[in-house]
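Enquirer: the following comprises the amino acid sequence and a computationally predicted model.
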Amino acid sequence: MKIGVARETASGERRVALVPDNVKRLLGKGHTVIVETRAGEQAGSADAAYVAAGAEMAEDFASLLARAEVVVKVRIPSQAETAALREGQAIVGLLQPMMNLERIEELRARGVTSFSLDALPRITRAQSMDVLSSQATVAGYRAVILGAQYLPKLFPLLMTAAGTLAPARVLILGAGVAGLQAVATAKRLGAQVQAFDTRPAVKEQVESLGATFLTLPLTVEAAETASGYARQLDQDVEARERELLAEPVALADVVVSTAMVPGARAPQLISAEMVATMKAGSVILDLAAESGGNCALTQPGDRVVSPNGVVIEGATDLPSQVATHASQLYGHNMQEFLGLLLQVGVRESEDHGPDWTPTEDEILQATCITHAHRIQHGPTLERITARGGDAVVVQQSHS
């Protein structure tokens with residue numbers, strides 16, 4: 001198979017879908033890898049490193065598409081890139097289909113087969129492909145480093161001849177992968193750390209990292225879906241959460257919020273009134289900014305300061321800020337997914353080109369978003385239907 005590695009064009013995106021080490025491994029499986037020039041330069045992988053690994057180079061995206069049968073990316077292709085893809089070609093990346101409905105419809109219309117790694121099922125066999133977890137690990141680390149940078153205090157307890165400095169108080173909202181990495185990083189920096197999650201089962205993990213688990217009198221049923229992702233809570237439960245979190249938030253020097261629900265707006269855990277009770281110079285790092293934010297004052301992609309002097313970071317590119325290691329992790333996930341896809345998910349069609357018809361494999365079924373002018377992903381189809389999407393899409397999807 002001819003695998004094309006595209007250069008990312010989304011603003012601020014520095015990662016690359018495969019690094020040279022992944023290229024070597026894929027070549028060892030008999031595949032050809034074609035890399036668009038400068039695809040990895042911002043992630044620490046120069047063109048020369050790809051050539052040394054055995055990759056072929058393509059001058060631009062058009063040249064890449066002319067030779068590649070499957071294209072791998074980090075972000076969803078732009079409108080111009082989508083228009084350049086040809087029928088029967090496949091693309092793999094973090095497409096976030098339910099947040100990019102128009103682009104998904106464009107991929108469907110062009111007859112492109114697309115696979116989105118953020119739709120992977122939470123099963124043991126898919127762990128090595130789990131880009132959400134690998135990138136959340138990087139984001140959790142980076143968030144705490146930014147918090148330490150912005151906070152006009154030191155994180156650790158210091159006892160000096162000039163006096164004693166109390167440790168910074170760090171509150172982590174959400175103890176998933178990003179939250180647990182944030183806990184570990186804040187503890188390593190010497191902060192006093194508390195963590196909250198609606199799932200009591202994570203209490204042991206939080207405490208094993210040396211933090212205190214914040215237990216609140218809140219009853220939440222079915223906080224996770226059957227596939228292991230967070231479930232959207234009722235509005236009255238969110239309101240009760242805000243009420244119970246008001247005091248811990250007010251006392252915190254740094255708050256790292258990580259609560260997200262796939263395909264839905266992030267729960268609002270920190271109201272404007274809660275921000276007003278925080279000390280001047282305190283910091284909120286909202287990892288859910290791209291999904292609307294856990295804080296009412298978050299501006300996605302921007303850093304703002306509240307009227308009472310609280311810094312609210314809404315960066316949507318935290319993994320990209322640590323592009324070298326983020327790309328190494330992402331590349332491994334992509335390599336593992338391609339290994340499955342190219343082993344059981346493609347066969348030769350009558351015209352001797354690749355046939356990407358989804359197989360019965362659970363992972364490929366879950367991640368296939370579009371194929372043969374159809375929307376294959378159920379939740380995406382439901383959302384397109386709800387917003388009055390093209391009736392042909394719905395009809396074809398059920399044929």
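Expert: That came through, no problem.

Enquirer: residue closest to the middle of the chain?
Expert: Leu132 (4.7 Å; CA atoms, centre = their mean).

Enquirer: contacts only, for it.
Expert: By CB atoms under 8 Å, 6 or more residues apart in numbering, the contact list for Leu132 reads Leu117, Asp118, Leu120, Val177. Quick note: C-beta positions are derived from backbone N, CA and C, even for glycine.

Enquirer: ok, now how distant is the nearest residue to Ile375 once chain neighbours are set aside from Val254?
Expert: Excluding its sequence neighbours, the residue lying closest to Ile375 (CB to CB, 6 or more residues apart in numbering) is Leu381, at 4.4 Å. Distance of Leu381 to Val254, computed by CB to CB, to the nearest Å: 41 Å.

Enquirer: okay, these two: which has more neighbours?
Expert: Comparing Leu381 with Val254 by other CB atoms under 10 Å, the one with more neighbours is Val254, at 27 against 21.

Enquirer: elements contacting the host helix or strand of Glu204?
Expert: Taking DSSP states H and E as the definition, Glu204 sits inside helix 203-208. Judged by 3 or more CB pairs under 8 Å, 6 or more residues apart in numbering; DSSP states H and E, the packing partners of helix 203-208 are helix 177-188, strand 212-213.

Enquirer: so which of the ones you listed comes closest to Lys279?
Expert: Closest approach to Lys279 among the helices and strands packed on helix 203-208 (CB to CB): helix 177-188, 17.5 Å.

Enquirer: so which bits of that closest one are buried?
Expert: Residues Val177, Ala178, Gly179, Leu180, Gln181, Ala182, Val183, Ala184, Thr185, Ala186, Lys187 are the ones in helix 177-188 that count as buried (16 or more other CB atoms under 10 Å).

Enquirer: what secondary structure does Ile3 sit in?
Expert: Counting by DSSP: H, G, I helix; E, B strand; the rest coil, the backbone at Ile3 sits in strand.

Enquirer: quick check: phi and psi at the nearest residue to it once chain neighbours are set aside.
Expert: Nearest non-adjacent residue to Ile3, counting by CB to CB, 6+ apart: Val33, 5.0 Å away. Here is the backbone geometry of Val33 (degrees, to the nearest 10): phi -120, psi 130.

Enquirer: how is the protein divided into domains?
Expert: 2-129+322-397, 139-319 (automatic domain parsing).

Enquirer: and the shortest one, how far apart are its ends?
Expert: In domain 139-319, first residue to last residue: 5 Å (CA to CA, to the nearest Å).

Enquirer: and stretch 260-278, by the same measure?
Expert: 23 Å.

Enquirer: in that stretch, what counts as buried?
Expert: If you call a residue buried by 16+ other CB under 10 Å, then stretch 260-278 has these buried ones: 260-263, 266-271, 274-275, 278.

Enquirer: try stretch 204-217
Expert: Gln205, Val206, Leu209, Ala211, Phe213, Leu214.

Enquirer: next: stretch 142-162.
Expert: Arg142, Ala143, Val144, Ile145, Leu146, Gly147, Ala148, Tyr150, Leu151, Lys153, Phe155.

Enquirer: now stretch 280-297
Expert: For stretch 280-297, burial by neighbour count (16+ other CB under 10 Å) applies to 282-295, 297.

Enquirer: how about stretch 55-72?
Expert: In terms of neighbour count (16+ other CB under 10 Å), stretch 55-72 has its buried residues at Ala55, Glu56, Met57, Ala58, Phe61, Leu64, Leu65, Ala68, Glu69, Val70, Val71, Val72.

Enquirer: a markdown table for those, including distance to Ser306 and secondary structure?
Expert: As requested, the buried residues of stretch 55-72 are arranged in a markdown table below (distance: CB to CB, whole Å; DSSP: H, G, I helix; E, B strand; the rest coil):
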| residue | distance to Ser306 | secondary structure |
| --- | --- | --- |
| Ala55 | 48 | coil |
| Glu56 | 51 | strand |
| Met57 | 48 | strand |
| Ala58 | 47 | strand |
| Phe61 | 42 | helix |
| Leu64 | 45 | helix |
| Leu65 | 46 | helix |
| Ala68 | 47 | coil |
| Glu69 | 51 | coil |
| Val70 | 46 | strand |
| Val71 | 43 | strand |
| Val72 | 40 | strand |
